[in-house]
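A.B. asks: coords please:
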Amino acid sequence: MSFVITLSRVTAAHRALALTLRLRANTDGLSRAVTESRRFSPGIGYGSDPLGVQRRSYCSRMALKDGLFFRQLFEAESSTYTYLLADSDTKEAVLIDPVLETIERDLKLIHELGLDLKVAVNTHCHADHITSTGLMKKRLVGLKSAISKFSGASADIHLLAGDKITFGKHYLTVRETPGHTDGCVSLVTDDQSMVFTGDALLIRGCGRTDFQQGCPKKLYQSVHQQIFSLPDQCLVYPAHDYLGQTASTVGEERRFNPRLTKSEDEFVNIMDNLNLPKPKKIDISVPANLVCGVHQV
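C.D. replies: Next up, the predicted model:
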């Protein structure tokens, strides 16, 4: 909406009114643009830059570091989040927790953005879906798979605490967070603005501990020592969410997580009495993921 007033023909009051209307129109236009950006492109900026890092609005809380591209992707059947991070200058990229059912979507996005995917990393050996890392390695030359050394799974890179996964000028630091499984890791951006927690810490929840080397005491200690020690404003991105939530913060989870705000003994009692059915795909997913996702597929 445009308001044009010939200032030479109006009084000072009219000048003030014209300025107010012009500012209001500009503000309304910006609000509409930001709203549409949030609605259609959550987690990314808008503008001519395909990696969305030159002008950011909503994205500024999703990727706080200049030159870091970030995209959160979702697989509906297992409610799994896959995360794509890239250096906007070198185009080197990392993919976290890719899912077999969405391999074509992920490869298409990587191709469209001209990214050079260096590492596909799994935060643990998943029980509810098959990873796509094995098949991705056949489609992308030079791609390496990564998983914790303690997962028991085959991969090109076996991760240990303190290891760095580098892409361009950025990197993710490995923190070992066992408890859901022995091989669970969380991945922290170099500026500690984001942590990818796998199943160890969920939004207002946590991964179960009743199969695959699960141990509630280990999980409680892992979260408190390795994740809750990060800055309050550090954004938490889990491997799953079942209620439509996309992110949390370390500070929020430290204050409001209904399980992990309890004492260790109370937490163990809660986890030992969840009485959940076993994951539907566990009998095919675990064997497949132990061999990098290539298992009768």
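A.B. asks: what are the ranges of the helices in the stretch 101-250 of the chain?
C.D. replies: 103-112, 133-139, 216-222, 250-256 (DSSP state H, counting those that start in this stretch).
A.B. asks: now the helix or strand just after the last one: buried residues?
C.D. replies: Taking DSSP states H and E as the definition, the helix or strand that follows helix 250-256 towards the C-terminus is helix 264-271. Neighbour counts using 16 or more other Cβ atoms under 10 Å place 267-268, 270-271 of helix 264-271 among the buried residues. C-beta coordinates here come from the backbone N, C-alpha and C atoms, glycine included.
A.B. asks: who touches helix 264-271?
C.D. replies: Residues from elsewhere that reach helix 264-271 (Cβ atoms under 8 Å, 6 or more residues apart in numbering): 208-210, 216-217, 219-221, 259-260, 262.
A.B. asks: kindly report the same for stretch 198-209.
C.D. replies: With Cβ under 8 Å, 6+ apart as the criterion, stretch 198-209 contacts 97, 123-124, 177, 179-181, 184-186, 214-216, 219, 222-223, 227, 236, 238-241, 243, 245, 247-248, 253, 256-260, 271, 274, 276.
A.B. asks: look up how far Met136 lies from Gly114.
C.D. replies: Separation of Gly114 from Met136 (Cβ to Cβ, to the nearest Å): 17 Å.
A.B. asks: count of neighbours near Pro238?
C.D. replies: The number of residues packed near Pro238 is 27, by other Cβ atoms under 10 Å.
A.B. asks: wait, it sits on Thr80?
C.D. replies: No: Pro238 is not in contact with Thr80 according to Cβ atoms under 8 Å; the separation is 9.7 Å.
A.B. asks: ok, how many other residues are close to Glu92?
C.D. replies: When counting by other Cβ under 10 Å, one arrives at 18 neighbours for Glu92.
A.B. asks: ok, it - contacts?
C.D. replies: By Cβ under 8 Å, 6+ apart, the residues touching Glu92 are 86, 115-116, 118, 167-168.
A.B. asks: now do Pro178
C.D. replies: Pro178 makes contact with 150, 184, 213, 215, 218-219, 222, according to Cβ under 8 Å, 6+ apart.
A.B. asks: next: Asn122.
C.D. replies: Going by Cβ under 8 Å, 6+ apart, Asn122 touches 96-97, 131, 133, 145-147, 151, 153, 155, 289.
A.B. asks: how many other residues sit next to the closest residue to it other than its chain neighbours?
C.D. replies: Leaving aside its sequence neighbours, Asn122 sits nearest to Ile147 (Cβ to Cβ, 6 or more residues apart in numbering; 4.8 Å). Counted with other Cβ under 10 Å, the neighbours of Ile147 add up to 27.
A.B. asks: wait, isn't Ile147 in contact with Cys125?
C.D. replies: Yes: here Ile147 reaches Cys125: they are 7.0 Å apart, a contact under Cβ under 8 Å.
A.B. asks: which residues are in contact with both of those two?
C.D. replies: Going by Cβ under 8 Å, 6+ apart, residues that sit against Ile147 and also against Cys125 are 153, 183.
A.B. asks: distance of Ala146 relative to Met136?
C.D. replies: Ala146 is 12 Å from Met136, by Cβ to Cβ.
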